[in-house]
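> how would this look folded up:
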Amino acid sequence: MQKISFNRRSFLGASLMALAGTHDLRGSEPASAGFRTRGVVLVPEDLTLVDWPERASRAGLTTIGLHHPTSPKALLAWLKSSPGVSFLQSCRRLGIQVEYELHAMRDLLPRNLFERNPNFFRQDAKGNRNPDSNLCVHSSGALDLIAENAVTFASILTPDTSRYFYWGDDGLPWCECSQCKELTPSDQALVVENRILQGLRTIDTQATLAHLAYTNTLAPPKLVKPAKGIFLEYAPIHRRYDLPYKEQLDPAQPDGLHLLDANLKVFPSETAQVLEYWLDVSMFSKWMRPAVQLPWRRDVLESDLSTYASRGIRHITSFAVYVDDAYKRLHGEPEFIHEYGKTLKSFTTNRRTTRTGQLPPRISRPF
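Residues are numbered from 1 along each chain as shown. Have a look, this model is predicted:
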């Protein structure tokens, strides 16, 4: 089996050793203060806006998640570079937590293993094994290798919060073999997540791991139960952003709020995170450059925060991809970063929830 290996000593020597002596940021803010996580998720290219950490700090954000759409290896390469080292130093100096949110499957289960181990990979509806996406979750060898490689990555891409994010392939199919076909995509994702968390706990006893509810995994799992330490990350990419989430009552509207409520019957609300798209210029640009100007709606943000807080959610972040130096040149200062952060920081969650943090009776579910 092919394991991922890195020269951890040289990587740390080149970058992270410069950060020695910095304080541990895990759990740095009590839940009573409001939203514990107030974050953005960026890709390395966004950090051509080199003062992103300073902007995040001034806005009252707590967390920057670094993202790559396919490869932890690619993110590692950037972190070894001078801009990557400088970014980490700035975040530590300013007290900004750094996390790593990754569609990681192609590195956790290298596709070049297919010829030797086709049973590791998913079966399609025609009965063919192929390495196009994800895996067969009934392959113990595949699960063991994924967990082992996740531990290797985690030993270097170590979040300040002990919260880890290793997602499946972006919206792509899962396995349809005779054993897997009874499991929904969410169930299959959770099988992998439970196994990864088991591995992570061997190097970080406080490790928790995200279950990404997104596209084909947005509906909650039905047959597989989350291990203790698996937390919900809810990402409703197909909702509308010209209207508050709670007002999107059309049954034809995808990614409806009822799916969040269904997930909160499976995963605890106090650890759940919402991964939103309020600041995601890449999405509004249909993932094509040049970037459009962000259709910023503070009223939608405020309404959505109230909706999420009423369900006991205390961790909020948003993609902010394409908010980079090119965006600034095209559209001027991205003042919405400050407005977003200050709105989250000033939002008092305990005035908008019940004592138990559950959904207040007066709020009706849309479906």
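> in the chain, which helix or strand is least confident?
Taking mean pLDDT, DSSP states H and E as the measure, helix 8-14 is the helix or strand of the chain with the lowest mean score, a mean of 42.
> and the contacts of stretch 92-101?
19, 22-23, 25, 28, 39, 41, 53-54, 56-57, 61-67, 72, 75, 88, 90-91, 157, 159-161, 163-165, 167, 210, 275 (CB atoms under 8 Å, 6 or more residues apart in numbering). In this view, the C-beta of every residue, glycine as well, is placed from N, C-alpha and C.
> mind checking which of those residues land in helices?
Secondary structure defined by DSSP state H assigns 53-54, 56-57, 72, 75, 88, 90-91 of the contacts of stretch 92-101 to helices.
> and the residues you listed, which are buried?
53, 56-57, 72, 75, 88, 90-91 (16 or more other CB atoms under 10 Å).
> tell me the two of those residues that are most distant?
57 and 72 (26.1 Å; CB to CB).
> pull out the buried positions in the helix or strand that contains residue 326.
Per DSSP states H and E: residue 326 is located in helix 325-331. Of the residues in helix 325-331, those with enough neighbours to count as buried (16+ other CB under 10 Å) are 326-327.
> elements contacting it?
Counting by 3 or more CB pairs under 8 Å, 6 or more residues apart in numbering; DSSP states H and E, no packing neighbours are recorded for helix 325-331 among the helices and strands.
> quick check, nearest of the ones in helices among the contacts of stretch 92-101 to residue 224?
Out of the ones in helices among the contacts of stretch 92-101, the member with the shortest distance to residue 224 (by CB to CB) is residue 72, at 24.3 Å.
> what stretches of the protein score poorly on pLDDT?
1-33, 350-367 (pLDDT under 70).
> what segments of it are strands?
For the chain, the strands defined by DSSP state E occupy 37-42, 63-68, 97-103, 163-167, 208-213, 230-234, 273-276, 315-319.
> off-centre distance for the shortest one?
In this view, strand 273-276 has its centroid 8 Å away from the chain centroid, taken as CA atoms, centre = their mean, to the nearest Å.
> could you say what helices and strands that strand packs with?
Secondary elements touching strand 273-276 (3+ CB pairs under 8 Å, 6+ apart): strand 230-234, strand 315-319.
> now, of the ones you listed, which is deepest in the fold?
When neighbours are counted by mean count of other CB atoms under 10 Å, the highest per-stretch mean among the helices and strands packed on strand 273-276 falls to strand 315-319, a mean of 25.
> what's the distance between that strand and the middle of its chain?
Counting by CA atoms, centre = their mean, strand 315-319 comes out at 8 Å from the chain centroid.
> how far off strand 163-167 does that strand point, in degrees?
Using axes from the mean of the first three to the mean of the last three CA atoms, to 10 degrees, one finds that strand 315-319 and strand 163-167 are set 40 degrees apart in direction.
> so what strands line up beside strand 315-319?
Sheet partners assigned to strand 315-319 using DSSP bridges are listed as strand 37-42 (parallel), strand 273-276 (parallel).
> got TSV for these, with mean neighbour count and distance to residue 260 too?
Shown next, in TSV, are the strands paired with strand 315-319 (neighbours: other CB atoms under 10 Å; distance: least, CB to CB, whole Å):
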stretch	mean neighbour count	distance to residue 260
strand 37-42	24	17
strand 273-276	24	8
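> could you dump the ones you listed into TSV and include distance to residue 150?
Formatted as TSV, the entries for the strands paired with strand 315-319 read as follows, by distance: least, CB to CB, whole Å:
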stretch	distance to residue 150
strand 37-42	19
strand 273-276	19
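> Serialize the strands of the chain to a markdown table and add fields for distance to residue 115.
Below are the strands of the chain laid out as a markdown table (distance: least, CB to CB, whole Å):
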| stretch | distance to residue 115 |
| --- | --- |
| strand 37-42 | 35 |
| strand 63-68 | 26 |
| strand 97-103 | 23 |
| strand 163-167 | 25 |
| strand 208-213 | 29 |
| strand 230-234 | 33 |
| strand 273-276 | 36 |
| strand 315-319 | 36 |
